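A.B. asks: This is a predicted model, with the sequence first.
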Amino acid sequence: MVVHEVKLSRFVKAMGAIAAAVTTVGVSVTAVMSQTPREIKVDGSSTVYPITEAMAEEFGKSNSGVNVTVGISGTGGGFSKFCAGETDISNASRPIKQTEIDKCKAAGINYVELPVAYDALTVVVNRRNTWLSSITVSELKKLWEPAAQGTITRWNQVRSTFPNQPITLYGPGTDSGTFDYFTEAINGKSGDSRTDFSSSEDDNVLVQGVSQDQYALGYFGFAYYEENQSRLKAVAVDGEKGGGPVAPSRTAVETNTYVPLSRPLFIYVSERAAQRPEVRQFVSFYLSNPQLVDETGYVRLPSEGYTLARQHMDDNSYGTRFTGSTVGLSIQQLLEREAQP
């Protein structure tokens, strides 16, 4: 009888220890789960990427429990993921297209459209290029229009005083908002372009290509030029409106003299993501720190622009205000468009 009581006592103690261990493990798992960072998924434009990445980095310094991931798949690629519900925020270097609006609507994806900056889309050549300092919109069209494919292949075909040397062209891929904007601004229709050029959704690849080829010409966002100006030369653009060639710069964008290659940049926030406090916090941080726009090489909006954007976010103002072209749209016109109900 004593033996059985001893065994029973040991059994009770053993079970108590096991129960305590299980409880401890349960508490530990719960604690680990509670410490898992909340994730905000962003994808889209390589042009807007430097701004959003800078915002995410600074936001993370005071919000360690939130992990903001930023991908680059181009504006079009970003909208494909966004309208499939795979991302929370989409970076865009052009407004959402009607086909993308329809896809989002079919999937039940609503969104707030927020302008965040302006860009001077920049035409660049190699630093060893000694013959080109400015180019007209007509010459850019002659070089990039669909009819140029296989026919305009040498520099002296663009301008007779240029050398009789082959041109190597670099530009964004067809999923890029920069491609869409450039082709509309220069060739008159979004997507109309020769296709025999080296393309990439990653602007760093384009920078690398132009910087290594004396006879190259390419185009991408101003921030990538500014970051690599020791390796590249920006070309002034003559919009043929009587003002002569204008070099890309913040001042030229602010005064609306760099036309037609100044353009607004956007982020789109899904309605479902906007219900999450961490997303609201990140977007509020984004719109409250325009100095980071300056630091990444782009042009910040006037303060009223960010006030309006915050208002749209606070009011859950869903949909787009940009169903038409944004080519040549000044900052003031952007703000007026945003102010419309």
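C.D. replies: Happy to help now that I have it.

A.B. asks: low pLDDT regions in the stretch 151-300 of the chain?
C.D. replies: Within the stretch 151-300 of the chain, no range satisfies pLDDT under 70.

A.B. asks: could you give the mean pLDDT of stretch 315-334?
C.D. replies: The pLDDT scores in stretch 315-334 average 83.

A.B. asks: now it, how far from the chain's geometric center?
C.D. replies: Stretch 315-334 has its C-alpha centroid displaced from the chain centroid by 16 Å (C-alpha atoms, centre = their mean, to the nearest Å).

A.B. asks: Mind listing residues that contact that stretch?
C.D. replies: 94-96, 98, 101, 110-113, 115, 118, 181, 184-185, 253-254, 256, 259-260, 262-264, 271, 274, 299, 301-302, 305, 311, 337-338, 340 (C-beta atoms under 8 Å, 6 or more residues apart in numbering). Backbone N, C-alpha and C define where each C-beta goes, glycine included.

A.B. asks: Recalculate using a threshold of 7 Å.
C.D. replies: With contact meaning C-beta atoms under 7 Å, 6 or more residues apart in numbering, stretch 315-334 is reached by 94-96, 101, 110-113, 115, 118, 184-185, 254, 256, 259-260, 263-264, 271, 274, 301-302, 337-338, 340.

A.B. asks: In contact with the residue most central in space within the chain, which residues?
C.D. replies: With the centre of the chain defined as its mean C-alpha position, the nearest residue by C-alpha atoms, centre = their mean is V48, 2.5 Å away. The contact partners of V48, by C-beta under 7 Å, 6+ apart, come to N91, A92, S93, L265, I267.

A.B. asks: bridging residues for the fourth one?
C.D. replies: The reference is to L265. Per DSSP bridges, the residues bridged to L265 are A117.

A.B. asks: out of the contacts of V48, who has the most neighbours?
C.D. replies: In terms of neighbours by other C-beta atoms under 10 Å, the contacts of V48 top out with N91 at 32 neighbours.

A.B. asks: That one and G44 touch, don't they?
C.D. replies: Yes: using C-beta atoms under 7 Å, N91 is in contact with G44, at 3.5 Å.

A.B. asks: Count residues in the vicinity of I89, would you?
C.D. replies: 28.

A.B. asks: do the same with S133
C.D. replies: That count, for S133 with other C-beta under 10 Å as the rule, works out to 13.

A.B. asks: sec struct for D294, please.
C.D. replies: Following DSSP: H, G, I helix; E, B strand; the rest coil, we place D294 in the helix state.

A.B. asks: Hmm, R300 and it touching each other?
C.D. replies: Yes: counting by C-beta under 7 Å, D294 touches R300, with 5.8 Å between them.

A.B. asks: More neighbours: which of these two?
C.D. replies: Shown here are D294 and R300; by other C-beta under 10 Å, R300 has more neighbours (20 against 12).

A.B. asks: what's the distance between that one and T75?
C.D. replies: 20 Å (C-beta to C-beta, to the nearest Å).

A.B. asks: Same question for F282.
C.D. replies: The gap separating F282 from T75 is 20 Å, by C-beta to C-beta.

A.B. asks: for Q208, helix, strand, or coil?
C.D. replies: What three-state DSSP gives for Q208 is helix.

A.B. asks: Surely Q214 is in a helix?
C.D. replies: No: under three-state DSSP, Q214 sits outside any helix and is assigned coil.

A.B. asks: quick one, strands of this structure?
C.D. replies: 38-44, 66-70, 89-92, 111-120, 122-126, 134-136, 168-172, 198-200, 216-220, 232-234, 236-238, 245-246, 262-270 (DSSP state E).
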